[in-house]
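A.B. asks: The following comprises the amino acid sequence and a computationally predicted model.
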Amino acid sequence: MTAPALDPAGNVTSARGFRAGAVYAGIKTYGEGKLDVAILASDPPCTVAATYTRARLHSASVDINRAKLAFGPARAVFVNAGVANSSTGGRGVADGHRVTEWTAAKLGIPAGEVLICSTGVIGHFLPLDRIHDGIGRLDLTVGGGDAFARAIMTTDTRPKHAAIRFGPYVLGGCCKGSGMIHPDMATMLAFLTTDAPVEQGFLQSTLSAAVDRSFNLVSVDGDTSPSDTVLLFANGAAGGETIDAASPLAATFQEAVGGLCRYLAREIARDGEGATRVIEVTVTGAASDEDARAVVRTLTTSYLLKSAVHGADPNWGRIVAAVGRTSVPYDEDEVAVDLCGVRVFEEGRPTADALERAADISNAMHADTVPIAVSLGRGPGAATGWGCDLSADYVTINADYHT
C-alpha cells in the first residue's frame, strides 16, 4: 500500500462527514474581526480518543471532557479562544456545561455528545452572553475547516493544519500553540478527524503513542498549560471494515496519525512566540526511548542553547552541558554531537571541524531549521523533538499578554 501522503492545505473537514464553522464573538480583545468561537461536528456518530494535560492544575474543559468521554462517545466540540476557563472553580464547570448545551441545541444532538475546549487567559470566566450570541450566528459547512483552525488561535501568528490520505481514508487535523508550550500528556490544543471506522481501544492507543512522540517532544518555553488537549474523532463515514490492532490497515493508520501529529508539532515550534528558527534535536544511542526523550526535552528547553541559536553562535559546549545535567546515564567519551551536520564533539573532546569551521557552522545556523544530533553510545533508544530560538520578542509578547 502507498505510504500516507501529507497535504498541508488539508484540515479537520477534509475527512468525510465533518463540518465546522467559526465567528468573532468579541472574546479576544486583541484584534476585532478575528475569529474566536468555533464548532467542529461529525454528521455520523464517532469513536473518540483523547489525551490531556498531566498538570495538577487543569481547566474546567479538561474536567468536563474527561467525564463525558468516560460515560460515552461524542461527535462535536465547541472551542473558544481568549479565555481559558481555568482556575474558575465550580462556576467554570457549570459555565462549560451550559455552553455544550447551547452547542448541542444548535446541532440537534444530545449535550452529552458535545465536548468543549477553551484557551486564553487563566482565571477569567467565560463571557456567556457573547458565546451564546456567537453560537447563534455560527454556520457549519464542509468548507469550514480553515475558519476553525484560525478561530482557535491565541498568540499564534498563523493557523496550523494539514491532512493525510491513507488507503481509502482521510485523516485531517489542526492545532494551536505558540507560547506556554511544553506539553506533558502548552497552551496547546489539537483536533484530528478521520472518516475511517476505528475501534475505540485501538484509536486511543494509537493517539497516545503518537502524542508521546510528537506533541510531548515540542517545547517553546518549558511552561505547561492547564488546558492541553488532543482529540481524535473517527466517524467511519467512508465505510469499510473497522480498523483494530489486527487489521491489515492498522500499521498504516498508526503511521498516518503519527505523521500528522509530528507535522503539527513541528509547526508549533516554528510558530513559537518570537521565534525566528526551529531547533530540531535528534538523540540516538540512548539506553531507551524514554532516556532519549528526556535528553531531547532538556535540550529544547535550555535557554542558553536557545539564545545561542538565535545569535547563530556555534557554542556546542551548551549542548554538551545540557546533556550533562540530565539524569540519563552516559560516558562522555562515548558521546558525539553534530551541529548543522558538522561533527563538533566526540571521544570527550572537540573535533578539528569544531575549531576550524566555526564560521561555516554559524552561517548554517541562520537557516530556518537548526539540526542538532546527539549520540550517547549506550543502546537503541532514539527520539526527535522540536524547539525554537529565544528572542527579545518572546519577552515583549508575554510582558503584555494580559494587559
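C.D. replies: Structure received. Because the structure is a prediction, the values reported are computed rather than measured.
A.B. asks: who's Gly172 bridged to?
C.D. replies: According to DSSP bridges, Ala163, Thr193 are recorded as the beta-bridge partners of Gly172.
A.B. asks: Surely Phe166 is in contact with Gln254?
C.D. replies: No. Look at Phe166 against Gln254 with CB atoms under 8 Å: they stay out of range, at 9.8 Å. All C-beta atoms are positioned from the backbone trio N, CA, C, and that covers glycine.
A.B. asks: who has more neighbours, these two?
C.D. replies: Shown here are Phe166 and Gln254; by other CB atoms under 10 Å, Phe166 has more neighbours (23 against 20).
A.B. asks: list the contacts for the more buried one?
C.D. replies: Phe166 makes contact with 4, 196, 249, 252-253, 255-256 under the criterion CB atoms under 8 Å, 6 or more residues apart in numbering.
A.B. asks: Repeat that for Gly258.
C.D. replies: Gly258 makes contact with 209-210, 213-214, according to CB under 8 Å, 6+ apart.
A.B. asks: For Gly387, grab phi and psi.
C.D. replies: Dihedral angles phi and psi of Gly387 (degrees, to the nearest 10) take the values phi -140, psi -160.
A.B. asks: May I see the PyMOL selection of the buried members of the contacts of Phe166?
C.D. replies: PyMOL command restricting the contacts of Phe166 to the buried ones, with burial defined by 16 or more other CB atoms under 10 Å:
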select buried, resi 4+196+249+252+253+255+256
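A.B. asks: Could you find which two of the contacts of Phe166 are furthest from each other?
C.D. replies: Checked with CB to CB, those reach their widest spread between Ala196 and Glu255, with 13.0 Å between them.
A.B. asks: who's in contact with the nearest residue to Phe148 once chain neighbours are set aside?
C.D. replies: Residue nearest to Phe148 in three dimensions, not counting chain neighbours: Ala20, with 4.0 Å by CB to CB, 6 or more residues apart in numbering. The contact partners of Ala20, by CB under 8 Å, 6+ apart, come to 12-13, 38-41, 140-141, 144-145, 147-148.
A.B. asks: and if you look at Gly173?
C.D. replies: So, once contact is read as CB under 8 Å, 6+ apart, Gly173 ends up touching 11-12, 161-163, 190-193, 260-261, 264.
A.B. asks: Out of these, give me the two with the largest separation.
C.D. replies: Of all pairs drawn from these, the one with the largest separation by CB to CB is Asn11 and Cys261; the distance is 15.0 Å.
A.B. asks: of all the contacts of Phe166, which comes closest to Gly172?
C.D. replies: Comparing every one of those with Gly172 (CB to CB), the shortest separation belongs to Ala256, at 10.6 Å.
A.B. asks: Secondary structure class of that closest one, three-state.
C.D. replies: helix (DSSP: H, G, I helix; E, B strand; the rest coil).
A.B. asks: again with Ala359
C.D. replies: Put simply, Ala359 is helix when judged by three-state DSSP.
A.B. asks: how near is it to Pro314?
C.D. replies: Ala359 sits 8 Å away from Pro314 when distances are taken as CB to CB, to the nearest Å.
A.B. asks: what's the answer for Met365, then?
C.D. replies: Between Met365 and Pro314 the distance, using CB to CB, works out to 6 Å.
A.B. asks: Just give the closest residue to Ser214, not the sequence neighbours.
C.D. replies: Nearest to Ser214 is Cys261, by CB to CB, 6+ apart, at 3.7 Å.
A.B. asks: Find out how far the host helix or strand of the one you found is from the centre of the chain, if you would.
C.D. replies: Element membership for Cys261 (DSSP states H and E) is helix 250-270. Its chain's average C-alpha position is 10 Å from that of helix 250-270, according to CA atoms, centre = their mean, to the nearest Å.
A.B. asks: Also stretch 105-113?
C.D. replies: Relative to its parent chain, stretch 105-113 has a centroid offset of 27 Å by CA atoms, centre = their mean.
A.B. asks: tell me what the strand or helix carrying Ala147 is packed against?
C.D. replies: Counting by DSSP H and E, the element that carries Ala147 is helix 145-151. Under the contact definition 3 or more CB pairs under 8 Å, 6 or more residues apart in numbering; DSSP states H and E, helix 145-151 sits against strand 18-23, strand 37-42, strand 76-83, strand 160-166, strand 169-176.
A.B. asks: quick one: contacts for Val328?
C.D. replies: Residues in contact with Val328, defined by CB under 8 Å, 6+ apart, are 286-287, 291, 294-295, 376.
A.B. asks: what about the stretch 1-150 of the chain, any weak spots by pLDDT?
C.D. replies: Low-confidence regions of the stretch 1-150 of the chain, defined by pLDDT under 70, span residues 1-2, 30-33.
A.B. asks: where along it do the strands fall?
C.D. replies: Under the criterion DSSP state E, counting those that start in this stretch, the stretch 1-150 of the chain contains strands at 5-7, 18-23, 37-42, 47-52, 76-83, 114-121.
A.B. asks: Distance to Glu334 for these - can I get that in a markdown table?
C.D. replies: As requested, the strands of the stretch 1-150 of the chain are exported to a markdown table (distance: least, CB to CB, whole Å):
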| stretch | distance to Glu334 |
| --- | --- |
| strand 5-7 | 36 |
| strand 18-23 | 49 |
| strand 37-42 | 48 |
| strand 47-52 | 34 |
| strand 76-83 | 47 |
| strand 114-121 | 43 |
